[in-house]
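Peer 1: Show me the folded form of this:
(2 chains)
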Amino acid sequence: MKARSPWMIKSSAALLVAVMLGTACSNSPSNTTPPPANTGTENKTNTETNTPPPEAKEATIEFWHAYGEGEEQVLLEEVLPKFKEQYPHLTVNPTRMPTENLEQQVITAVAGNVAPDIMRMDNTWIPKFAREQALQPVDGFPDFAALKDASFEAPMSTNYYDGQYYGIPLDTNTKIAIYNKELLEAAGATEPPQTMEELADLARALKAKDPNMFGITIGGVDAWNMPPWFWSLGGRITDDEYTKATGYLNSPESVQALETIMGWHDEGLLAPPILAGQPGTWEGLRGEEGTAATYMMINEGPWFFSILGDAVAETMIPAKMPNGPDGSSHSVIGGQNLVLFKGAKEPDAAWQFAQFMSTEEIQVLMAVKTGAIPTNRAAAQADELKEIPYLQAYVDELETALARTPSAEWDKISQAFQAAFEAALRGQATAQDALDAAAAEIDGYLARS
Amino acid sequence: MRRAIRQYVQVAPYLTLGVLLTAVFVLYPLVKGIYISFYEYKVLAPELSLFVGFDNYVRAIQDPKVLIALRNTVLFALVTVPGQWLLGVIVAMMVNMRTIRFKLFFRFVYYLPVISSWIVVSYLFKFLFSDSASGMVNYLLVDLIPVLPAPVNWLQNTWTANIVVWLVSIWKGIGWVMIMYLAALQSVPKSLYEAASIDGAKGVRTFLHITLPLMKPMTTYVLINLIIGSFQAFIQVFLITEGGPMDSTHLLSTYMFRHAFQFFDFGYASAISVMMGLMIFVLTYSQQRTFGKDRIEY
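Peer 2: Residues are numbered from 1 along each chain as shown, chains lettered A, B, ... in the order given. Sure, this is the predicted structure:
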């Protein structure tokens, strides 16, 4: 990178600008028609009624996903063969994408008109990609209403942006408390604690026994790891309609919640991952090669059990998060949706695949094999699910779990959230000041979107 | 006159190719970048972009994080340019010494980081400087040679994280400076040193009074490149600290990238990059004008 001739030096300023615009200059030709909101739906409906979708037209569906290894295996060996059986004329070409920089890859692909037909993406991404005109609304496709009715409301709502649905829910999840049986006993308990106070007391008892052990593990200060604790302790980010953060994120209850967490931190009850320290949550909970476990509990999703399987079945206890001041716990809702891109070459075939993925049969299959919690109401009640020992705790936790602010500006909101919590926990701001500043900043983002 | 035209016709195909490539890959993106910086730009649906005048620039000037990124960018240049230069010169002189054997081996070893991938060495340093006692550097400095009382969370503090970024950048650049100077050293006539030694000058004095002045054109070239290189630094921060903790280690380049490719705020990111381009232009313009004009005749 260093060897340059003089003419290149002259143009280096230009190059700098050029580098970042690499994608900007290749606008996709398919986006030349401005798609104002709502008309898309009507057009779609018209074409549907005039020409029924040709059933036997052969098509290859490009499908991007970022399933984990185990999940991908189920997809390739069980789900896709079933799809081929039902729709012999349709072929799915799945591509497993890396999770690192996935958003950048998607936006570049859409700009270069090489996006897939359909993609499984994190449900917090939908508003942003919809605002960027990358997705096509799906509420005009056949049987959308039926699919919507068959799905749980909260996961379905994550597809909603500016009057239309831009995807369908595929799976949902939340995070619960997972205890290391041995350390729980060392702290003096046989059952998981019911309240936050009980948990803190256990953590203190554990600390007294061995100062290198930690009773509470919060995986980080970010807006995925912190909310289950912040919300359960009484904090809120916005009002229920997601229009305002001031008065909610900096309310006395929210400040109290953050101060409780800061208090735990000062007492040394919180494990190092709160500020990105080592060992990581899983390693601390299970113990690494040659070192013993030092974390009594972590807050984690169902993949912990589906990935580790028998290795943790006997040693770890899945439990609901401890209750906070309102007598309940509030974890965070995660999950993935299926979206169709605006430039999709086979939108009708892709929609059929989306419908197939949301059927009870496939949802039950994925739940049993991978621990993905169904978004299909009927699938969630299936008997097969009851045989999975850890799943019930997650389904229970979902009852009171809260969604992250659905907004095209979610990335900035979560940055502001994280900055406030990090500043407070690093002792650079008081809880009140940090949350005041974040609330004001988030108000601005909510007003824009 | 006619002859001049004929000459132009003859070289036209070669000129056109160069002009065309520059236009497509340099001029067009440059102009488009400036254009985008005046819009709230939608990269996938440009026709929906909103003209906002100088709003993006005003926002950038008022953004405290831009200031922090600017501070880091300037500090990065102030630390890594002299660092790479000084160590590179020292290594070049040492490798060039008559008493040193296996010159090829040393040249190879010092040049290896230069040709290694930035991604690989960034992850390597991230791993070396990982937190707690499990990090290699912590193990070295706490357990092996007890310099520090307790493990340092290298990447969780603004300054220690910056130090890691500076270290990897200096380490990776030394070899390039060394090779440039080794090449230049071959052109210095031996007779000058012989004359100096007859006059009684030795070691450091010959270096300061003969080698260094004769290396001046190379020094200018190396320094300009190091400065430009330091402003273009990106991968090491992007991979090692990701701008953290609390956005305090961002460079202008990584901060701009975040706005463009994470927030899809291309207008704002373009404004930052245009300002950055202007800054580099101002910084290097005066040097470029004199660059290459002073020739040394032996």
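Peer 1: Going along the chain, name the strands of chain B.
Peer 2: Assigned strands in chain B, in chain order: B:39-40, B:50-51 (criterion: DSSP state E).
Peer 1: before we move on, what about the stretch 101-250 of chain A?
Peer 2: For the stretch 101-250 of chain A, the strands defined by DSSP state E, counting those that start in this stretch cover A:118-122, A:160-161, A:164-165, A:168-173, A:176-180.
Peer 1: tell me the mean pLDDT for the longest helix along chain B?
Peer 2: Across chain B, the longest stretch assigned as helix under DSSP state H is helix B:64-96. Helix B:64-96 carries an average pLDDT of 94.
Peer 1: Over to stretch A:340-358?
Peer 2: Here the average pLDDT along stretch A:340-358 is 94.
Peer 1: try stretch A:255-271
Peer 2: Averaged across stretch A:255-271, pLDDT comes to 96.
Peer 1: Can I get stretch B:48-68 in CSV, CA atoms only?
Peer 2: What follows is stretch B:48-68, C-alpha atoms only, in CSV (Å, rounded to 0.1, in the frame of the first residue of the first chain):
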residue,chain,number,x,y,z
LEU,B,48,-35.7,10.1,-3.4
SER,B,49,-32.6,11.9,-2.1
LEU,B,50,-33.2,15.3,-0.4
PHE,B,51,-31.0,18.3,-1.1
VAL,B,52,-29.9,19.7,2.2
GLY,B,53,-27.2,22.3,1.2
PHE,B,54,-24.4,22.6,3.8
ASP,B,55,-26.4,20.8,6.5
ASN,B,56,-24.1,17.7,6.5
TYR,B,57,-21.0,19.9,6.9
VAL,B,58,-22.5,22.0,9.7
ARG,B,59,-23.5,18.8,11.4
ALA,B,60,-20.0,17.4,11.0
ILE,B,61,-18.4,20.5,12.5
GLN,B,62,-20.8,20.4,15.5
ASP,B,63,-20.4,16.6,16.0
PRO,B,64,-18.1,16.1,19.1
LYS,B,65,-17.3,12.6,17.8
VAL,B,66,-15.9,14.1,14.6
LEU,B,67,-13.5,16.1,16.8
ILE,B,68,-12.4,13.0,18.7
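Peer 1: which parts of it are buried?
Peer 2: Buried residues in stretch B:48-68, counting neighbours by 16 or more other C-beta atoms under 10 Å in any protein chain shown, are found at B:48-49, B:52, B:55-57, B:59-60, B:65-66, B:68. Glycine gets a C-beta too; all of them are placed from N, C-alpha and C.
Peer 1: between those residues, which is closest to chain A?
Peer 2: Using C-beta to the nearest C-beta, the shortest approach to chain A within the buried residues of stretch B:48-68 belongs to B:Leu48, at 6.5 Å.
Peer 1: Just to check, the closest one is in contact with B:Tyr39?
Peer 2: No - the criterion here is C-beta atoms under 8 Å, and B:Leu48 misses it with B:Tyr39 at 10.1 Å.
Peer 1: Now for residue 276, how many residues are close by?
Peer 2: Assuming you mean chain A. Neighbourhood size, A:Ala276 [other C-beta atoms under 10 Å in any protein chain shown]: 18.
Peer 1: wait, I meant chain B there
Peer 2: Neighbour tally, B:Met276, other C-beta under 10 Å: 26.
Peer 1: can you pull the contacts of it?
Peer 2: A:16, B:73, B:231, B:252-253, B:256 (C-beta atoms under 8 Å, 6 or more residues apart in numbering or on different chains).
Peer 1: quick one on the thing from earlier: quick check: which of the strands of the stretch 101-250 of chain A is nearest to A:Glu191?
Peer 2: Closest to A:Glu191 of those, according to C-beta to C-beta: strand A:176-180, at 9.4 Å.
Peer 1: Show me what that closest one is packed up against.
Peer 2: helix A:281-286, strand A:297-300, strand A:316-319, helix A:391-400 (3 or more C-beta pairs under 8 Å, 6 or more residues apart in numbering or on different chains; DSSP states H and E).
Peer 1: Which residues does whichever helix or strand comes after the last one contact?
Peer 2: Right, the one you point to is helix A:391-400. Scanning forward in sequence from helix A:391-400 by DSSP states H and E, the next helix or strand is helix A:410-425. Helix A:410-425 is contacted from outside by A:124, A:127-128, A:221-224, A:226, A:230, A:237, A:249, A:258, A:261-262, A:265, A:274-275, A:404-405, A:407, A:429-431, A:434-435, A:437-438, A:441-442, A:445-446, B:245-247, B:262-263, using C-beta under 8 Å, 6+ apart.
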